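In: attaching a predicted model along with its sequence, questions to come.
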Amino acid sequence: MTDGAGGAGGGGWRRRWAGSAWLVRALLVSLFLQTAVHSVRPMVSYEALDLGATPGQLGAIAACFGVLSLAGAIPVGRCVDRWGPGPFLVLGAVTVTLVAVLLVTARSLVLLGVATMLLGLGHILATVALQTLLANRGGSERRDERFAALTVAVSLGQLAGPALGGLLAGAGGGDAAGSSVGTMAVFGVGAVMALVSGAFATTLLRSSRPGARTGTAGDDGAGERPRFSLWHIMRLPHMPQAMLASVAVLTSIDVLVAYLPLYGQSHGLSVRTVGFLLAALAAGSLTSRFCMRLLIRGVGRGRLLALSAAVPAVVLAVFPLLDHVPVLFAAMVIAGLGLGLGQPLSLAWVASSAPRELRGTALGVRLSGNRLGQIVVPAVVGAFAGVTGIAAVFWCLAAMLASSAALNARASFEDKEPTA
């Protein structure tokens, strides 16, 4: 009797594990890819500074991250809807690997800009595919949990990437001036991380095909998939508000990654310290994402989304006035607590608003909005910083986040399974 019960229990455990093994592999794809991207990007800023880049040129290079992905996110979403996420996960990881190798030999601002464009393209390929995989596979009642798990993996990559990059750069003799920072080692490790991500992505090729079972009743993935216009997507309930929330959070993180090295250079902070400041931002995000379910129950999705922008807005507004390094670390953690919630909440909002058959396209539209922000915001912020100083970077981000919080404070967040 005991043996039989134990066997039944063991079989149930194995079935539950088999049912979630795909999710673990998807999270590992995200973890290694985000570690690669976020170890490489701050080093691109240091390389640019070492080559004599001005604040405006630094902003232009940062903006390059969104150029190709802006044009490609919606077509990629449609392709993912048609052919499934797996091939695009692999292609994204391979692209990031090749870019990291290219950066080893890039010794001009133009090449750094081109490499940053391609890095953004690889990132968007994998991101649309991962988000669509998690949105479609499994029921809508656990979508929040899947997106929270995905963004936890993203936060871990955002934490590990800058910390690893800072340690490697510091070991290579990095200083606050950005010269001799050992960026070649960082780019090499980034290439290895992206390659590992691609290896895990290949294990998802079969299970992520359009006809694969997803646990959603009544949808076998077969048949002709209808096409929908951008206007149709934007008319989904609260899509503009969700996009604004996502753009504000993502571009704030993006600009901090690009400009914190310049801030560190002007305030005498070492490369290692800047790397750990970015890691502190990611640590705050990781913490809030672990607590997201409790926060949703206590505060509600809509109010929590507004607070997730309001808190970092206040922190970034006062950040240029802070002097002591421990206080800077505390500020980054607090800002990360808010910024960490914006992405999973807006992801779930968009996925809940879109019918299944156009969910990849809707997520592609959301990511196109993100990339448009990643082009426009760094360029505008760079122009202000070139005229008024580095403090303008933080004040511009604070104003953008405050605007997002105000617009989303009254929005309603419904979690349902709509139809086209």
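Out: The structure has been received and is ready for your questions. All figures in this text were calculated on a predicted structure; none of them were measured in a lab.
In: same for the helix or strand containing residue 120, what does it pack against?
Out: Per DSSP states H and E: residue 120 is located in helix 109-136. When contacts are defined as 3 or more Cβ pairs under 8 Å, 6 or more residues apart in numbering; DSSP states H and E, helix 109-136 sits against helix 2-50, helix 55-63, helix 67-83, helix 86-105, helix 143-171, helix 183-202, helix 325-353, helix 359-388. Using the backbone N, CA and C atoms, a C-beta is placed for each residue, glycine as well.
In: hmm, 7 Å instead?
Out: If you count contacts as 3 or more Cβ pairs under 7 Å, 6 or more residues apart in numbering; DSSP states H and E, helix 109-136 packs onto helix 2-50, helix 55-63, helix 67-83, helix 86-105, helix 143-171, helix 359-388.
In: in it, what counts as buried?
Out: 109, 112-136 (16 or more other Cβ atoms under 10 Å).
In: grab the most central residue of this structure for me.
Out: Central residue of the chain (Cα atoms, centre = their mean): residue 154, 6.2 Å from the mean position.
In: residue contacts, that residue?
Out: Neighbour list for residue 154: 30, 34 [criterion: Cβ atoms under 7 Å, 6 or more residues apart in numbering].
In: quick check: it vs residue 303, distance?
Out: According to Cβ to Cβ, to the nearest Å, residue 154 stands 23 Å off from residue 303.
In: can you check residue 88 too?
Out: For residue 88, the distance to residue 303 equals 35 Å [Cβ to Cβ].
In: neighbour count winner among those two?
Out: residue 88 (26 against 17; other Cβ atoms under 10 Å).
In: look up the closest residue to the more buried one, ignoring the ones flanking it.
Out: Closest residue to residue 88 apart from its sequence neighbours, by Cβ to Cβ, 6 or more residues apart in numbering: residue 129 at 3.9 Å.
In: OK, contacts around the one you found?
Out: 80, 85, 88-89, 92 are the contacts of residue 129 under Cβ under 7 Å, 6+ apart.
In: try 10 Å
Out: 26, 29, 76-77, 79-80, 84-93, 201, 204, 208, 360, 363 (Cβ atoms under 10 Å, 6 or more residues apart in numbering).
In: before we move on, what about residue 30?
Out: 89, 126-127, 130-131, 134, 149-154, 156-157, 197, 200-201.
In: skip the chain neighbours and tell me the closest residue to it.
Out: residue 153 (4.2 Å).
In: how about residue 373?
Out: In space, residue 373 is closest to residue 247, 3.8 Å off (Cβ to Cβ, 6+ apart).
In: distance check, the nearest residue to residue 89 once chain neighbours are set aside against residue 91.
Out: With sequence-adjacent residues excluded and distances taken as Cβ to Cβ, 6+ apart, residue 89 is closest to residue 201, at 3.8 Å. According to Cβ to Cβ, residue 201 stands 9 Å off from residue 91.
In: try residue 374
Out: Residue 374 sits 20 Å away from residue 91, going by Cβ to Cβ.
In: looking at these two, which has the bigger crowd around it?
Out: Shown here are residue 374 and residue 91; by other Cβ under 10 Å, residue 374 has more neighbours (27 against 18).
In: rounded mean pLDDT for the helix holding residue 120, please.
Out: Taken as a whole, helix 109-136 carries a mean pLDDT of 91.
In: also stretch 270-281?
Out: 89.
In: try stretch 88-98
Out: Computed over stretch 88-98, the mean pLDDT rounds to 95.
In: chain center to it: distance?
Out: 16 Å (Cα atoms, centre = their mean, to the nearest Å).
In: repeat for stretch 148-155
Out: Taking Cα atoms, centre = their mean, the mean C-alpha location of stretch 148-155 is offset from the chain mean by 9 Å.
In: do stretch 262-279 as well
Out: On Cα atoms, centre = their mean, the centre of stretch 262-279 falls 21 Å from that of its chain.
In: and it, what's buried?
Out: Buried residues in stretch 262-279, counted by 16+ other Cβ under 10 Å: 262-265, 269-279.
In: quick one: end-to-end distance for that stretch.
Out: End-to-end span of stretch 262-279 (Cα to Cα, to the nearest Å): 17 Å.
In: what's near enough to touch residue 298?
Out: With the criterion set at Cβ under 10 Å, 6+ apart, residue 298 makes contact with 291, 304.
In: next one: residue 327
Out: 318-319, 321.
In: which one of those residues has the most neighbours?
Out: When neighbours are counted by other Cβ under 10 Å, residue 319 leads the contacts of residue 327 with 22 neighbours.
In: need the pLDDT of that one.
Out: So, for residue 319, pLDDT stands at 94.
In: and the one 10 residues further on, by the same measure?
Out: Among the per-residue scores, residue 329 shows a pLDDT of 96.
In: from residue 269, how far off is it?
Out: Residue 329 is 11 Å from residue 269, by Cβ to Cβ.
In: okay, and the common contacts of the two?
Out: 276-277.
In: now secondary structure and distance to residue 410 too, for the contacts of residue 327, in JSON lines please.
Out: Formatted as JSON lines, the contacts of residue 327 follow (DSSP: H, G, I helix; E, B strand; the rest coil; distance: Cβ to Cβ, whole Å):
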{"residue": "318", "secondary structure": "helix", "distance to residue 410": "26"}
{"residue": "319", "secondary structure": "helix", "distance to residue 410": "28"}
{"residue": "321", "secondary structure": "helix", "distance to residue 410": "31"}
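In: which among these gets closest to residue 20?
Out: residue 319 (39.6 Å; Cβ to Cβ).
In: I'd like the distance between the nearest residue to that closest one once chain neighbours are set aside and residue 344.
Out: Excluding the flanking residues, the one nearest residue 319 by Cβ to Cβ, 6+ apart is residue 394, at 4.7 Å. Applying Cβ to Cβ, the value for residue 394 to residue 344 is 24 Å.
In: more crowded one of these two?
Out: Each of residue 394 and residue 344 has its neighbours counted (other Cβ under 10 Å); residue 344 has more, 28 against 25.
In: okay, the more buried one: pLDDT?
Out: 83.
In: over to the one 3 residues further on?
Out: For residue 347, the model assigns a pLDDT of 78.
In: next one: residue 237
Out: In this model, residue 237 carries a pLDDT of 67.
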